[in-house]
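J.: take a look and give me a structure for this.
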Amino acid sequence: MKNILICLEKMGIGGVETSVINQALEYKRKKIDCVIASKKGVFSEILDNNAIQHENINFPLEKNINIESTKKIIEIIEKYNIEQVIINQLPCILSVLPACIIKNIPYVAYVHNPKGSVQDNEDNAFDWYEKNYPIFKELLPFYYANAQKIISISEYVQEYVKNRYNINSSKMKVIHNSIDLNKYKSSKDVTTKDNFILISRMSPDKLQSVKNGIDIFDVYDSENKKLMIVGDGNKLEEIKNYASEKKSKDKIEFLGQQKDVINLIDKNDIVLGLDRVLLEAIAMKRIAVNIGYDKPKEIIDLSNIEIEADEGFCGENLKSCEPIELASKIKNTNIDLLQNYNFVKEKLNITNNIYLDEPIKPNYECAIFEVFKMFARKEEYIQNEVTNKEEYKHKIVQLEKSLKAKTEEVNNLQNEYNKTFDELKAVYESKRFKVANKIAKIFKK
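T.: Down below sits the predicted model:
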C-alpha cells in the first residue's frame, strides 16, 4: 500500500481529529503517503507542519448525494493515485461512497462511536441518522456490506454494528483508540496534586460532564488548587455561569479553544475529562479522572484501565461516585502513573494499532447500480416532498384569498348595517316621528 485517502468532516479539535492526525503521522513513518480530505480547522496547521497533504472539502449532511463533493473526491483519487480510502464519519459517506464505487477503489469504514452512543435509548447515533436523514436506512447496510474492512474502537461497538447491519465477522476488526507516544511526552513528574485541567467540548452532550468536573474541583480540599478549563462550544456561557456560583470561582480559569493541549497537560497534575483526553493524560503520566457523562466516575488505575481502553475511556462500566468522594480519592490515593503508562505503551501505542491490510481490488459492477438506484429513489422522494410542499403552499394561498374575500364581505355587511342603523336613529329622533307617535297613542286610547 502506497497511497491512502483519509476522510473526515473537519480538522477541528476532537477525538476523531486527534486520532486521524496520529494515524497520518504513523503512516508517514511507515513510508505510506497519506492524504487528508476534510474541511480546514485549527488542526490543519499540524498537517502542514508535518508535510501531510490536506485537501479542503466540505461534507454536508444532506438528504441525498452531494454531486460537487463527489466530483472533488474523484479528482483527489485521480490526482494522488489513491489505492485505498478510509471513511471516518457518517456524513462523509454521501460524497465518498459514490466516488469509491465509480473509481472501483476499496474503502475502510471506521466506527469511532463510544459505547454510550449505541445504547437502546434516545442518544443512539445510528437511530438519529436514520430518523433525520432517511437515506441512511438503505445506505448504511450497503455501505458496511461493501467495505473491505469495518474497524471499531471496542468489542462492544463492533458487536452492535455487526448485529444491527448483519455483517460477516470476517469483515470486522477492533483497533482501540491509540496514541502516538513519540508526540505525547511529559517533561516533568507529578509532585503535587493542586493543578487541575479539564478538557472538553462545551456542547450539550458534555454539559453535565463539565459540571461534574467543576463540582469535583470545588469540593477538593487544597488552599493552592487551580483549575484550567479548555474548550469551546455553545454551552460555554452556561458553564461559566455555573462556575461563577461556586465558592472556588476565583481559582477557575477559562482558556477557550487551545491547539497545544500537550503543553497544557504537561503544566498540570490532574486531568479531568472523558474519552481520548484520558488516554492523552495517561500517556503524559498524569492523574486521569473520568468525570462521567451523567455522574462522576473513577480515577484511572491498573484495576480499571483495561475496561476503559475497551470502551474508549467513556466510563460506561465504571462505578459512579459523588464529587466529594472522588475529590477525596484524588487527594489521598497514590496512583502508579508508570503502570498506567506501561499499559498504554504495550496495548495502545499507535505503532501497533494502525490499519495496514493491503487493499483488495473490489468488483463494484453490480454495486454501482444499487447505490445510484438508492440515490434516485431518494431524489424522487425529495421531489415528491417538494411537490407536496408546493401543493400545500398553493392551498394556503387559495385559503388566504378566500379568507380575504369573506372578510371584505363581512365588512360590507357591517357598513350596510351601520348605515341603516344611522338612518333609523335619525327618523326616531326627528320631530315628525315624535308627533306621529303622540297621535298614535291618542287613537289607541
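J.: can I take it that Val397 is in a helix?
T.: Yes - counting by DSSP: H, G, I helix; E, B strand; the rest coil, Val397 is part of a helix.
J.: now do it against Ile101, distance only.
T.: 43 Å (C-beta to C-beta, to the nearest Å). For the C-beta atoms, the positions are set from N, CA and C on the backbone; glycine is no exception.
J.: got it, and His176?
T.: 30 Å.
J.: quick one on the thing from earlier: more neighbours: which of Val397 and Ile101?
T.: Ile101 (22 against 10; other C-beta atoms under 10 Å).
J.: find me the pLDDT at the more buried one, would you?
T.: With respect to pLDDT, Ile101 has a value of 90.
J.: buried set for whichever strand or helix holds it?
T.: Secondary structure from DSSP states H and E places Ile101 in helix 93-103. Under the neighbour-count criterion of 16 or more other C-beta atoms under 10 Å, helix 93-103 has Ile93, Leu94, Ser95, Val96, Leu97, Pro98, Ala99, Cys100, Ile101, Ile102 buried.
J.: and the helix or strand just after that helix, what does it pack against?
T.: Toward the C-terminus, helix 93-103 is succeeded by strand 107-111 as the next helix or strand (DSSP H and E). If contacts are counted by 3 or more C-beta pairs under 8 Å, 6 or more residues apart in numbering; DSSP states H and E, strand 107-111 sits against strand 84-87, helix 93-103, strand 149-152, helix 155-165.
J.: wait, which of the ones you listed is closest to Met11?
T.: strand 84-87 (14.8 Å; C-beta to C-beta).
J.: direction included, what does that closest one pair up with?
T.: strand 3-10 (parallel), strand 107-111 (parallel) (DSSP bridges).
J.: just the CA trace of that strand, in CSV.
T.: What follows is strand 84-87, C-alpha atoms only, in CSV (Å, rounded to 0.1, in the frame of the first residue of the first chain):
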residue,chain,number,x,y,z
GLN,A,84,-7.5,2.8,-0.5
VAL,A,85,-9.9,5.2,1.3
ILE,A,86,-10.6,5.4,5.0
ILE,A,87,-14.0,6.9,5.9
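J.: what does that strand rub up against?
T.: 1, 3-7, 23, 77, 93, 96-97, 99-100, 105-110, 148, 355, 359 (C-beta atoms under 8 Å, 6 or more residues apart in numbering).
J.: now do the end-to-end distance for stretch 327-341.
T.: Terminal residues of stretch 327-341 lie 22 Å apart, using C-alpha to C-alpha, to the nearest Å.
J.: so Ile360 sits right up against Ala147, yeah?
T.: No - under the criterion of C-beta atoms under 8 Å, Ile360 is not in contact with Ala147, lying 11.1 Å apart.
J.: who has more neighbours, the two?
T.: Applying other C-beta under 10 Å to Ile360 and Ala147 shows that Ala147 carries more neighbours, namely 22 against 10.
J.: did I read that right, that one in a strand?
T.: No - membership of Ala147 in a strand is not supported by three-state DSSP, which gives coil.
J.: is it in contact with Lys171, as I believe?
T.: Yes - counting by C-beta under 8 Å, Ala147 touches Lys171, with 6.6 Å between them.
J.: tell me who's in contact with the nearest residue to Lys137 once chain neighbours are set aside.
T.: With sequence-adjacent residues excluded and distances taken as C-beta to C-beta, 6 or more residues apart in numbering, Lys137 is closest to Glu130, at 4.7 Å. Glu130 is in contact with Phe136, Lys137, Leu140, counting by C-beta under 8 Å, 6+ apart.
J.: in helices, which of the residues you listed fall?
T.: Phe136, Lys137, Leu140 (DSSP state H).
J.: of those, just say which sits nearest to Asp232.
T.: Ranked by distance to Asp232 (C-beta to C-beta), the ones in helices among the contacts of Glu130 are led by Phe136 at 28.6 Å.
J.: contacting residues for that closest one?
T.: Contacts of Phe136 (C-beta under 8 Å, 6+ apart): Leu90, Ile93, Phe126, Tyr129, Glu130.
J.: could you do Ile299 as well?
T.: Counting by C-beta under 8 Å, 6+ apart, the residues that Ile299 touches are Ile287, Ala288, Val289, Asn290, Leu326, Lys329, Ile330, Thr333, Ile335.
J.: Thr175 contacts Ile151, doesn't it?
T.: Residue 175: Ile, not Thr. Yes - contact criterion C-beta under 8 Å: Ile175 and Ile151 qualify, at 5.2 Å.
J.: give me the common contacts of the two.
T.: Common contacts of Ile175 and Ile151 (C-beta under 8 Å, 6+ apart): Tyr355.
J.: secondary structure class for His54?
T.: strand.
J.: kindly state the domain boundaries assigned to this protein.
T.: 3-178+352-381, 195-348 (automatic domain parsing).
J.: any chance of those domains in JSON lines, with distance to Lys404 too?
T.: Output for the domains of the chain, formatted as JSON lines (distance: least, C-beta to C-beta, whole Å):
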{"stretch": "domain 3-178+352-381", "distance to Lys404": "35"}
{"stretch": "domain 195-348", "distance to Lys404": "42"}
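J.: what segments of the stretch 151-300 of the chain are strands?
T.: 172-174, 195-199, 226-230, 252-256, 270-273, 287-290 (DSSP state E, counting those that start in this stretch).
J.: alright, I will stop here.
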